[in-house]
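1. Give me a model of this one.
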Amino acid sequence: MAFGSFPIDVFTRVSPLDMLLPLDSLERDRPVARSSARQFYETDNEYTLSLALPGVSPADLKLAVEDGVLTISGTTKLGTQEYNAAHRVRVPRDADPTLAKAAAENGILSISLPKRPKQTHEITVASSTDGLPKAAEGDCVLNLPFPGVRPSDFKVVCEDGVLSIAVETNSAHHATRSLKRMRLPENTDASAAAAAAEHGMLTIVIPRGKTEAPKEELTTKSTHRIAITNGSTPAPSSQ
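-> I've put the predicted structure just below:
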């Protein structure tokens, strides 16, 4: 699919973990607009994007999500005037474009993108590195200093590709409380991760994910087209 030359905007949450692209900010349950013509909403269950597209008929709009990018395009002629829509928006990592809905009314297009269920894995921290699996080529291995912290003082959780390491310890000689977060490489299997803390060092081994044999159809981009309802726009969830 040819997207033309108009630039890609970004529709996702601001996070220190996502700095590869310039991001628009989203504030939970409140609209944040780069201009008066565009508003973003986020609730616990979904994202909503509202665009002002005056003059463009819903019947002329085409919406599709391809490789994580939402494309909105269309042209309407009214008498001697021509009105165009041309937007590209990167959707959040946890949005499910296959369940997206869109509606247009009185020049306002509203698109709702439900969130995928979160994948959470808690990693138990052992007291000896002897039981850790030997890292293979391509595995992710983290060695982080935590002097004075006992293995039982760690809470290590991976949620949707983000590793969180929470520490709270209080002994006669040392007290600390901290939280570290980092995004793991794409091809890792957090459900098979193992960790151990010994001599003030935390070691985490996260195996690489299984890779399927290359198939010819994998070279084809995944595209999801979104039908548009001509009527009331879907309201963002209030949960």
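
2. and the residue nearest to the spatial centre of the chain, how far is that from residue 48?
-> With distances taken as CA atoms, centre = their mean, the residue of the chain nearest its centroid is residue 93 (2.3 Å). Going from residue 93 to residue 48 by CB to CB, to the nearest Å gives 17 Å. All C-beta atoms are positioned from the backbone trio N, CA, C, and that covers glycine.

3. quick one on the thing from earlier: so the residue nearest to the centre of the chain touches residue 160, yeah?
-> Yes. Between residue 93 and residue 160 there is a contact at 7.0 Å, judged by CB atoms under 8 Å.

4. chain center to stretch 125-139, what's the gap?
-> Taking CA atoms, centre = their mean, to the nearest Å, the mean C-alpha location of stretch 125-139 is offset from the chain mean by 29 Å.

5. Contacts for it next, please.
-> 141, 151-152, 154, 156, 187-188, 194-198, 202-203, 205-208 (CB atoms under 8 Å, 6 or more residues apart in numbering).

6. ditto for stretch 145-160
-> Contacts for stretch 145-160 (CB under 8 Å, 6+ apart): 93-94, 118-127, 163-169, 171, 173-174, 176, 184, 190, 193, 195-198, 200-202, 204, 206.

7. Restrict the residues you listed to the buried ones and give me that as a PyMOL selection.
-> Listed next is the PyMOL selection for buried residues among the contacts of stretch 145-160, using 16 or more other CB atoms under 10 Å:
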select buried, resi 93+94+123+125+126+163+165+167+169+184+190+193+195+196+197+202+204+206
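
8. Which of the contacts of stretch 145-160 fall within strands?
-> Among the contacts of stretch 145-160, the residues falling in strands (DSSP state E) are 120-123, 125-126, 163-169, 176, 195-198, 201-202, 204, 206.

9. By mean pLDDT, which helix or strand of this protein comes out lowest?
-> Ranked by mean pLDDT, DSSP states H and E, the weakest helix or strand in the chain is strand 32-35, scoring a mean of 33.

10. Can you list the strands that whichever helix or strand comes after it pairs with?
-> Sequence order places strand 38-42 as the next helix or strand after strand 32-35, per DSSP states H and E. Strand pairing for strand 38-42, using DSSP bridges, gives strand 32-35 (antiparallel), strand 46-52 (antiparallel).
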